[in-house]
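Colleague: What follows is a predicted protein model with its sequence.
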Amino acid sequence: MSERNRLIEGFLIHHGWGEAERVPLAADASFRTYDRLTDGDSRAVLMDAPPPKEDVRPFARIADHLHALGFSVPVVRARDVEAGLLLLDDLGDATYTRLLRAGEDEEDLYRLAVDVLIALHRRPVAEAVPDGTPLYDQDKFLAEAALLPDWFLPACPGYRLSAQARAEYDALWAALHSQACDVPPTLVLRDFHVDNLMRLDRPGVRACGLLDFQDALRGPVTYDLMSLLEDARRDIAPALVARLSERYLEAFPDLDREAFAASWAIWAAQRHAKVIGIFTRLCVRDGKPVYLDHIPRVWRLLQNALCHPALAGLRDWFDRHVPMELRRRPPL
């Protein structure tokens, strides 16, 4: 038995789950893995997030906070943060992804998710954002946008980005950050999309379970709604996006709609550039090529975001430095 397995076994024994059946439940794009534990009629989930590659403390902190606010999250039953182990409530198998594949009503599911964001964003920022939550500052904004030239472009055979062009790319993004944040702040969960949402048999917005929020930041109210409705992994009809966006905006009549639209477009472009880079990195560095299949969709979303007038300079940069024939799945 490996040292890691001995550590996990000791953790489970200490917390009364030593006799439980342990079955792999899921893995994700990180180094975290999840096992379902079953002991008679009792179930729980083990999160294994081995240090130093992972850190369970942000997840536990945000889970505790969201649970205290009344949202449905996997409650942390036990933790060993130094070992990178959490024992979580098992919320079941009804993820939005599975429900949509089974033919469940798409609009009903998305409306529920939008209502979760409305409920969270209606709270004063001091209440919504726990102490110690990092800011979605310009440095992070730029580091994420840099993932496209850092990982995707080098994966394009024969392509070389000049130092001057790269400096221009960075400067264009830097000039956009303040406008991107020209909307009210809130707790940004950051990976708010169908893979990380569940439907539960609970009342109101608690019927939507939240699974992935360890990277939460203090940032703009536009981000999570954009993440939900401009999904890198599935297509959503523009008419549905419009209806759901309007549902959100009607809940906040004092929001400046022009500022909201500009912020949305900038964050959409930034996220899509980041995701194109991350999906390439997952193949090149981590041996996970399955994510490459989504890159053509993400390029379409990026191109659409670049049509907003606030992004005219960045759109011109892409037109000059990333020809259309490169905006596809890299040949890896």
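Modeller: In hand now; what should we look at? For clarity, every value in this text was computed on a predicted model and none was experimentally measured.

Colleague: Could you use CA atoms for every contact and neighbour count after this?
Modeller: Will do.

Colleague: Can you check the pLDDT for residue 73?
Modeller: Note on residue 73: pLDDT of 98.

Colleague: That one contacts residue 67, doesn't it?
Modeller: Yes. Between residue 73 and residue 67 a contact is recorded at 6.2 Å, counting by CA atoms under 8 Å.

Colleague: Give me the more crowded residue out of the two.
Modeller: The residue with more neighbours, out of residue 73 and residue 67, is residue 73; 25 against 14, by other CA atoms under 10 Å.

Colleague: quick one: contacts for the closest residue to that one other than its chain neighbours?
Modeller: Distances taken as CA to CA, 6 or more residues apart in numbering place residue 210 nearest to residue 73, at 5.1 Å, with adjacent residues excluded. Listed by CA atoms under 8 Å, 6 or more residues apart in numbering, the contact partners of residue 210 are 71-74, 196-198.

Colleague: What's the per-residue pLDDT of residue 210 here?
Modeller: pLDDT, residue 210: 98.

Colleague: measure it to residue 167 for me?
Modeller: Using CA to CA, to the nearest Å, we find residue 210 at a distance of 38 Å from residue 167.

Colleague: Residue 180 too?
Modeller: When distance is defined by CA to CA, residue 180 is 20 Å away from residue 167.

Colleague: Quick check on the two: which one has the bigger neighbour count.
Modeller: The neighbour comparison of residue 180 against residue 167 (other CA under 10 Å) goes to residue 180, with 25 against 10.

Colleague: Buried residues in stretch 51-70, which are they?
Modeller: Within stretch 51-70, the residues scored as buried using 16 or more other CA atoms under 10 Å are 55-66.

Colleague: Output it as CSV, restricted to C-alpha atoms.
Modeller: The C-alpha trace of stretch 51-70 is given here as CSV (Å, rounded to 0.1, in the frame of the first residue of the first chain):
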residue,chain,number,x,y,z
PRO,A,51,-0.5,18.6,-1.6
PRO,A,52,1.4,20.5,-2.9
LYS,A,53,-0.4,20.3,-6.2
GLU,A,54,-3.8,21.0,-4.5
ASP,A,55,-5.0,22.9,-1.4
VAL,A,56,-8.4,22.0,0.2
ARG,A,57,-8.5,25.1,2.4
PRO,A,58,-10.1,27.4,-0.2
PHE,A,59,-12.8,24.8,-1.0
ALA,A,60,-13.6,24.2,2.7
ARG,A,61,-13.7,28.0,3.5
ILE,A,62,-16.1,28.8,0.6
ALA,A,63,-18.2,25.7,1.3
ASP,A,64,-18.6,26.7,5.0
HIS,A,65,-19.5,30.3,3.9
LEU,A,66,-22.1,29.3,1.2
HIS,A,67,-23.7,26.8,3.6
ALA,A,68,-24.0,29.5,6.2
LEU,A,69,-25.7,31.7,3.6
GLY,A,70,-28.3,29.0,2.9
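
Colleague: Can you give the contact residues for that stretch?
Modeller: Contact with stretch 51-70 is made by 31-32, 49, 72-76, 81-86, 130, 206, 212-216, as judged by CA under 8 Å, 6+ apart.

Colleague: can you check stretch 179-186 too?
Modeller: If you take CA under 8 Å, 6+ apart as the criterion, stretch 179-186 is touched by 121, 125, 128-129, 218-222, 255-256, 259-260, 262-264, 266-267.

Colleague: what's the span of it, first residue to last?
Modeller: End-to-end distance for stretch 179-186, by CA to CA: 16 Å.

Colleague: Which positions in it come out as buried?
Modeller: Using 16+ other CA under 10 Å as the test for burial, stretch 179-186 gives 180-183, 185-186.

Colleague: That stretch: how far from the chain's middle?
Modeller: What separates the centre of stretch 179-186 from the centre of its chain is 18 Å, taken as CA atoms, centre = their mean, to the nearest Å.

Colleague: Kindly report the same for stretch 111-128.
Modeller: 16 Å.

Colleague: got the buried residues for that stretch?
Modeller: Neighbour-count burial for stretch 111-128 flags 111-118, 120-121, 128 (criterion: 16+ other CA under 10 Å).

Colleague: Any stretches of the chain with poor pLDDT?
Modeller: Within the chain, the segments meeting pLDDT under 70 span 1, 26-30.

Colleague: any idea which helix is longest in it?
Modeller: helix 257-284 (DSSP state H).
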